[in-house]
Each structure stands twice: as C-alpha cells, then as structure tokens.
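Colleague: Quick one, fold the following:
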Amino acid sequence: MKLFAVVLLPGLLSAGAAFAADPGPACCSDLEERVAELEAASARKGNRAVSLTVSGEVNKALLIWDDGRQSDAYVVDNAGADQESRLNVSGEGTVGAGWRTGFVIELGFTDSSSLFVNQANDEGPGDTAFETRLANWYIEGERFGRVTLGQQSSATDGITTIDLSRAKTDAVTWHNKSFGIRSEDGGYTGLTWGNVAWGLEGDRGDFIRYDSPVLYGFMASAAWGEDDSWDAALRFQKELDSVRIAAGAGYLYVGDATNASLYPNETKIASGSVSVMHMPTGLFGNLAAGRVELSDKALAGPDNPDDGTMWMAQAGIEKRVMPFGATTLYGEYGEYGDILLGYSAFSPGSTPTIAAEGITGTEVSRWGVGAVQQFDAAALEMYAVFNHFDAEIRTAESGNAATEPWYGVVVGSRLKF
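Modeller: Okay, here's the model as predicted:
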C-alpha cells in the first residue's frame with residue numbers, strides 16, 4: 001500500500017483542483033493509467049492483459065552404481081520423466097470469447113544430469129549446464145483446440161511414460177543412458193545402455209503442434225518440425241466408476257540424415273502406454289510397448305539390426321497411510337530387443353571390445369523396485385529406486401558376447417514451487 005500511495009500521490013495532488021471543479025471522465029482515466037503502470041511494473045502479478053505465473057522444481061539425487069568392475073556414487077540432477085530441475089515462466093491472456101493466447105519459457109539447469117554422467121565423468125556435459133526446455137507461443141479456442149509454435153514437446157513425447165501413480169522410473173533409461181556396457185573381461189564394449197535400451201517416444205524440439213479439444217476423454221495431437229520429423233498421437237483419460245485409466249499411442253518419423261536427435265535418420269516408431277488405477281485400494285498397473293524401424297544406412301554395419309521392440313510393465317500400490325501424504329510402492333520388469341539406436345564408441349583409455357559393424361543383435365532385460373513418499377504441506381516428495389540391467393550382444397564374429405550387468409540405486413527428493 002505504501003508503494004501504491006507513493007506512485008499515485010503526486011498525480012492526485014497536482015490534479016486536486018480539477019477533481020473538485022469537474023469530477024468528470026478525465027480524472028478516472030488518469031487514475032486508471034497510473035494503476036495500470038504500477039501493475040505492469042510487477043512481474044509477479046503480470047499486467048491487466050496477460051497473467052504471469054512463475055513455477056518450477058528442484059530434483060537432486062544420489063546415484064550409487066556398479067557396472068561389474070567399478071562402482072561409485074554421484075550427486076546428480078535426476079533427469080527422470082520430465083522431472084529435472086527447472087524454472088518455468090508462463091503467461092496467458094484472452095483475445096476474444098472462448099479464445100486464449102499465451103507463452104511458456106522454461107529453463108532447465110543441471111550441474112550433473114543423470115542422463116549424461118558415466119564411468120569417466122561425474123559431471124556430464126559441464127559443471128553447470130543450462131537448457132532451453134521450452135520457449136513457445138500458443139493460441140487456443142475452446143472448440144478449435146490449441147496451436148503451439150516454438151521449442152516444445154513433439155506429439156509423441158511422453159507417449160510411453162503415461163503413469164497415474166507417482167512411480168519414479170519408466171521405459172526410458174534415465175539413470176544409466178550414458179554408462180558404457182562392460183564386457184565380461186572388464187573392457188568396454190563401445191555401446192552405452194542408451195544405445196540399446198530406450199523408451200521409443202518423441203522428444204523436445206522446434207515444432208508447430210496442434211492439440212484437439214478433449215472429446216469424451218480423447219485428445220489428438222500432431223507435430224512437424226525439427227530434424228525433418230513429424231508425429232501424431234491419440235491420448236485418452238477417463239474415470240470409470242472406481243477405476244481411473246489413462247492411455248496413449250502414437251507414430252513418429254525422423255528423416256533428417258544430419259540430425260543430432262535421439263534417433264538416427266530414417267527412424268520410424270510406433271509406441272504407446274496405458275496406466276490403470278483402482279481408486280479405493282490404490283492398486284495400479286502400467287504397461288508400455290513400442291516398435292522401431294531403422295534405415296539400413298542409419299548405423300555402421302550392414303548386419304546391424306534395423307527392427308527392434310521394447311516393453312515394460314509396472315505394478316504397485318499408492319495409498320495415504322501417513323498423515324503427511326501418499327506412499328507409493330512398486331516393482332517393474334522390461335525387455336528391449338534389437339534396439340540399436342547408435343554406437344557411442346565409449347571406451348575411455350582403451351579400444352572397444354566390439355566393433356560397430358560386427359553387431360548383429362542386442363537383448364536387454366531390466367527389473368527394479370521403488371518407493372516414493374509425498375509431503376503435501378511442503379510440495380515435496382522423497383524417493384528411493386533400485387534398478388538392474390543385463391545385456392546380451394550378438395556379433396557376427398563370436399556369437400553372444402558376455403557382458404557385465406549394471407546396478408543402480410537412486411535416492412533423492414523433488415521440491416516443487
């Protein structure tokens with residue numbers, strides 16, 4: 001109120017005589033202009049035309065890992081399913097009856113992302129990495145749907161990670177993507193876990209995207225843009241009596257031969273997931289599956305696999321057994337067959353034991369358990385996850401190449417604001 005008075009007082013005093021003589025429209029318009037100037041100076045409240053919201057989260061974890069020959073513990077930013085530390089600024093205004101327009105700017109900040117740390121690097125791409133996660137503008141009509149332009153998720157981003165629970169892992173290899181797979185003799189195969197195990201979904205990039213209005217629980221999406229890619233997806237969410245269900249399926253094509261995306265050129269992916277929760281008991285189940293087709297030119301050798309599949313299932317219970325928030329307990333199992341999305345040649349200080357052109361097939365299995373505890377009053381959740389990965393790599397020269405498994409324990413917390 002003091003700031004309000006300081007801003008308005010000079011104008012009120014100078015115009016006092018005029019107000020007394022002629023309290024007409026001029027007085028009110030001048031007052032309105034000064035109030036608008038004061039509101040525009042406050043970023044926390046936005047201005048009269050556009051509301052402004054600042055939000056975000058901090059997600060830090062301790063990653064304890066063992067690759068069969070070496071073990072260590074890193075402090076990381078947990079990349080998780082869209083859960084890395086970030087700051088979000090968004091605004092929205094009305095442009096007409098039933099029409100809205102707005103923007104989203106989101107900056108991710110990680111000093112050591114779990115996506116990029118490995119045996120030779122506990123910091124990832126740098127001591128502190130900043131990423132423009134989102135930077136887009138949209139216009140939306142109640143009956144028309146939404147068109148979004150700029151840095152954003154493609155239509156199939158998150159299509160294999162649909163989850164009504166608070167489980168902390170999914171079909172994507174968030175915690176060991178960049179770790180090298182060890183040969184049984186202790187050397188590095190040249191492959192990372194992210195080369196041979198992935199959730200087969202879209203990613204963020206520069207796109208134009210359309211999302212339809214929700215009709216009977218269904219929403220359709222389509223996007224086109226970066227890396228000469230396009231995709232389409234259909235999502236569904238509904239509560240039927242005491243059962244809540246969410247599901248989605250989509251198709252992704254990446255065609256740019258020079259792209260730096262998750263996938264090689266000429267990649268075609270069909271994938272989806274479904275999540276079901278029984279509300280009275282808190283029992284839930286999640287299932288994700290996908291198929292990928294790669295171009296013969298995408299990888300180094302003519303015998304590399306060009307068709308792969310993945311599936312992963314989770315089951316657990318989410319219940320409020322303590323007064324401060326819900327508790328989630330779950331287990332999971334998944335398999336990835338012949339998913340060879342690249343060859344990283346990861347082998348610090350030595351030569352890889354397996355050449356890229358000699359790989360004829362890969363099989364990866366994984367299992368894990370986890371627990372998540374919510375603290376509603378503080379918008380905080382704490383979690384602990386155990387994951388085990390095992391790989392079989394087939395080569396033209398020696399058949400099955402024996403490898404070491406990878407174990408990981410992730411303990412951390414996620415605070416929203």
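
Colleague: buried ones in the helix or strand harbouring residue 207?
Modeller: According to DSSP states H and E, residue 207 maps onto strand 204-211. Residues of strand 204-211 classed as buried: 204-205, 207, 209-211 (neighbour count, 16 or more other C-beta atoms under 10 Å). Every C-beta, even on glycine, is put in place using the N, C-alpha and C of the backbone.

Colleague: With only the CA atoms kept, save it in CSV.
Modeller: Once non-C-alpha atoms are left out, strand 204-211 reads as follows in CSV (Å, rounded to 0.1, in the frame of the first residue of the first chain):
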residue,chain,number,x,y,z
ARG,A,204,11.5,-31.7,-27.4
GLY,A,205,12.5,-29.5,-30.3
ASP,A,206,11.3,-26.7,-32.6
PHE,A,207,7.9,-27.7,-33.8
ILE,A,208,4.5,-26.5,-34.8
ARG,A,209,2.0,-28.6,-33.0
TYR,A,210,-1.8,-29.0,-32.9
ASP,A,211,-3.8,-30.4,-30.0
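
Colleague: could the buried residues of strand 204-211 go into CSV alongside pLDDT and distance to residue 98?
Modeller: Converted to CSV, the buried residues of strand 204-211 look like this (pLDDT from 0 to 100; distance: C-beta to C-beta, whole Å):
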residue, pLDDT, distance to residue 98
204, 90, 29
205, 91, 30
207, 96, 25
209, 98, 20
210, 98, 17
211, 98, 16
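
Colleague: and which of those is nearest residue 239?
Modeller: Nearest to residue 239 out of the buried residues of strand 204-211 is residue 211 (C-beta to C-beta; 20.9 Å).

Colleague: Regarding the closest residue to residue 177 other than its chain neighbours, what is its secondary structure?
Modeller: Nearest residue to residue 177, sequence neighbours excluded (C-beta to C-beta, 6 or more residues apart in numbering): residue 194, at 3.5 Å. Assigned state for residue 194: helix (three-state reduction, DSSP: H, G, I helix; E, B strand; the rest coil).

Colleague: ok, residue 194 touching residue 174?
Modeller: No: look at residue 194 against residue 174 with C-beta atoms under 8 Å: they stay out of range, at 9.7 Å.

Colleague: Show me the shaky parts of the stretch 1-150 of the chain.
Modeller: Scanning the stretch 1-150 of the chain with the threshold set as pLDDT under 70 gives 1-48, 81-82, 125-128.

Colleague: Tell me the bridge partners for the nearest residue to residue 268 once chain neighbours are set aside.
Modeller: Distances taken as C-beta to C-beta, 6+ apart place residue 293 nearest to residue 268, at 4.4 Å, with adjacent residues excluded. Residue 293 forms beta bridges with residue 268, residue 307, as assigned by DSSP bridges.

Colleague: Tell me how far residue 293 lies from residue 363.
Modeller: 18 Å (C-beta to C-beta, to the nearest Å).

Colleague: what about these two, which has more around it?
Modeller: Set side by side, residue 293 and residue 363 show more neighbours around residue 363, with 17 against 14, by other C-beta atoms under 10 Å.
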